[in-house]
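Asks: here is a sequence with its predicted model. Questions after.
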Amino acid sequence: MKKLKPIPVFKNEDEEAEFWATHDSTEYIDWSKAIKNPVFPNLKLSTKTITIRVTETLLSDLKMIANKKDVPYQSLVKIFLDEKVKEEIAPKFK
């Protein structure tokens, strides 16, 4: 087994990105010991606030459905968007 080089301490993310773009990670990390498909239970996905315009009727309908399901309407919108996006993407990977 070859001796691995120590990973330097970086001042910021840009410096780290530049380093990894110009260096071979196998000289610093033994990838054979990497965990495949790791789980990060405490990782919170970053979110982005957006604004969308919808008709008053659509908003009323969304709020009515959300009320029946006992969830906030904005959460319901995210659920619906997530389901539809997955549905649209899935056939492309089969």
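Replies: Cool, the structure landed.

Asks: what about the longest helix in this structure?
Replies: helix 73-89 (DSSP state H).

Asks: show me which residues of that one are buried.
Replies: 73, 76-77 (16 or more other CB atoms under 10 Å). Bear in mind the C-beta positions are built from the backbone N, C-alpha and C, glycine included.

Asks: now the helices for the chain?
Replies: Using DSSP H, helices in the chain cover 13-22, 56-69, 73-89.

Asks: dump these to TSV, plus mean pLDDT.
Replies: Output for the helices of the chain, formatted as TSV (pLDDT from 0 to 100):
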stretch	mean pLDDT
helix 13-22	95
helix 56-69	97
helix 73-89	94
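
Asks: ok, which of those helices comes nearest P41?
Replies: Closest to P41 of those is helix 73-89 (CB to CB; 19.5 Å).

Asks: so which residues make contact with that closest one?
Replies: 59, 62-63, 65-67, 69, 71 (CB atoms under 8 Å, 6 or more residues apart in numbering).

Asks: let's see the ChimeraX selection covering just the buried ones among those residues.
Replies: To isolate the buried subset of the contacts of helix 73-89 in ChimeraX, counting by 16+ other CB under 10 Å, use the following:
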select :62,66
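
Asks: between the contacts of helix 73-89, which sits nearest V9?
Replies: Closest to V9, out of all of those and judged by CB to CB, is V71, at 44.9 Å.

Asks: measure the closest one to F19 for me?
Replies: 44 Å (CB to CB, to the nearest Å).

Asks: closest one to K33 among the helices of the chain?
Replies: Of the helices of the chain, nearest to K33 by CB to CB is helix 13-22, at 18.5 Å.

Asks: thinking again about what came up before, now the buried residues of helix 73-89 as TSV including distance to T55?
Replies: Compiled in TSV, the buried residues of helix 73-89 are given as follows (distance: CB to CB, whole Å):
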residue	distance to T55
Y73	14
L76	16
V77	14
